[in-house]
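[1] Pasting the sequence and the predicted model now:
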Amino acid sequence: MNQQDIAMKMISGMNNNAFSSKGMEGLIHLAAWMVLFCLPLFFTGNQTESVTWIAYLRFIIVPLFFMILFYFNYFYLVDRFIFTKQFVWFLLSNICVIVVLMYSVHFLMHILPAPVNRPGPPEREWHDVVRFFIGNTIIYMLVAALSVAIKMTGGWYRAESARKELQKNRSEAELQNLKSQLNPHFLFNTLNNIYSLIAISPGKAQESVHDLSRLLRYVLYDSSYPKVPLGKEIDFIYNYIELMRIRLPEKVEVTVNTAPLVKNETMIAPLLFIPLIENAFKHGVSNTYPSFISVEISQDEEYLNCLIRNGYFPKDNERDKSGSGIGLVNLRKRLELLYPNRAEFYCSHGDGVYSANLKIRLTD
């Protein structure tokens with residue numbers, strides 16, 4: 001799949017998510033307004049009182065104008081003034097709209113016929129009228145505030161969903177880039193070892209090329225999956241170490257121990273341990289002094305542990321040609337992406353021994 005196909009897939013997925021969220025939002029709006037407009041039907045008795053068309057029409061005038069104010073804010077005023085931080089204009093616009101709507105409600109209530117067998121409203125004192133209009137103004141302002149809150153919350157939710165989707169795809173792209181760096185890095189180190197073997201033993205070098213082909217089959221095919229069985233990863237480690245043994249001096253002792261509790265069916269990200277093993281062969285082998293490399297992989301109900309210990313014979317980076325030194329750096333980045341807050345990796349050295357410990361919590 002090329003980059004254009006991946007980009008089109010990302011856009012299509014985001015559009016589908018947006019359509020789904022907007023559809024759900026529309027259903028919620030519809031249900032809320034239906035409940036509000038049907039209130040007279042819920043709170044009237046079947047025998048003592050019935051809802052006439054005139055009474056119902058007079059009732060829905062106020063909810064109807066609430067709806068007008070709500071969606072005028074929702075679709076226009078919030079986008080026009082709130083998102084552009086013109087709060088004074090937003091407030092003035094709402095005041096004008098509320099005044100017009102309240103006058104329209106008052107006008108319609110007077111032109112519509114009064115309900116049958118119901119007395120008209122009593123005469124009110126001026127302070128009662130003022131209190132009535134202030135109370136209604138507050139209600140209209142609350143409707144406008146509710147519209148702003150829902151609009152802002154919906155916008156924040158969509159922006160947050162888009163941000164998480166972009167972050168996820170960016171992380172996947174970065175992880176793929178790290179794996180593309182890891183494969184050439186592994187190949188570079190292995191070919192460099194075979195190159196050094198050609199002058200010493202061409203037959204062993206030829207055998208090593210055959211072994212390398214089996215390793216590359218795993219690197220190129222099996223490691224392309226997000227996770228592989230632990231058993232396959234351990235087999236790869238054994239094959240890689242056997243390939244490295246061919247050129248080791250006789251004074252180097254290499255041991256590999258996988259505890260009986262290791263479960264081969266456990267799924268893990270591929271090629272996590274190989275940078276540590278590469279580093280051990282790079283810095284743990286001496287041609288003049290006795291040296292060792294020890295690989296221990298164990299597992300319990302919650303954690304997978306990899307402990308690698310080796311002699312410490314640091315190489316001169318300017319003279320050493322066994323690799324670019326990006327293996328451990330890439331490993332840390334991969335762990336951050338694959339196992340955030342679930343992986344512990346630290347290195348230490350002292351008394352001529354270098355230790356690298358990788359611990360992964362398998363459960364979320």
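    Here it is on my side, so go on. Computed from a prediction, not measured in an experiment: that's the story for all the values here.

[2] Low-confidence ranges, the stretch 101-250 of the chain, go.
    114-130, 157, 159-160, 162-187, 189-190, 247 (pLDDT under 70).

[3] Where do the strands of it begin and end?
    Ranges of strands in the stretch 101-250 of the chain, per DSSP state E, counting those that start in this stretch, are 228-229.

[4] Which parts of it are helices?
    Remark: helices assigned in the stretch 101-250 of the chain by DSSP state H, counting those that start in this stretch are 126-198, 202-220, 230-245.

[5] Could you give me the buried positions within the strand or helix carrying Y71?
    Using DSSP states H and E, the element containing Y71 is helix 53-72. Residues of helix 53-72 classed as buried: A55, R58, V62, L64, F65, F66, M67, L69, F70, F72 (neighbour count, 16 or more other C-beta atoms under 10 Å). Just so you know, the C-beta spots here come from the backbone N, C-alpha and C atoms, and that holds for glycine as well.

[6] One more: stretch 222-238?
    Buried residues in stretch 222-238 (16+ other C-beta under 10 Å): S223, V228, P229, L230, K232, E233, I234, F236, I237.

[7] Likewise for stretch 200-211?
    Buried residues in stretch 200-211, defined by neighbour count with 16+ other C-beta under 10 Å: A205, S208, D211.

[8] And for it, what's in contact with it?
    Stretch 200-211 is contacted from outside by N193, I194, L197, I198, N239, E242, L243, I246, R247, using C-beta atoms under 8 Å, 6 or more residues apart in numbering.

[9] okay, the buried residues of stretch 222-238 in JSON lines with distance to F273 next?
    Formatted as JSON lines, these follow (distance: C-beta to C-beta, whole Å):
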{"residue": "S223", "distance to F273": "12"}
{"residue": "V228", "distance to F273": "12"}
{"residue": "P229", "distance to F273": "14"}
{"residue": "L230", "distance to F273": "10"}
{"residue": "K232", "distance to F273": "12"}
{"residue": "E233", "distance to F273": "7"}
{"residue": "I234", "distance to F273": "9"}
{"residue": "F236", "distance to F273": "9"}
{"residue": "I237", "distance to F273": "6"}
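
[10] between those, which is closest to G284?
    When the buried residues of stretch 222-238 are ranked by distance to G284 (C-beta to C-beta), I237 comes first, at 15.3 Å.

[11] Look up how far I293 lies from the closest one.
    Noted for I237: a distance of 12 Å to I293, by C-beta to C-beta, to the nearest Å.

[12] so what's in contact with the two at the same time?
    I277.

[13] roughly how far apart are N239 and C306?
    According to C-beta to C-beta, N239 and C306 sit 17 Å apart.

[14] which one of those two has more residues nearby?
    Using other C-beta atoms under 10 Å as the criterion, N239 and C306 rank with C306 on top: 21 against 15.
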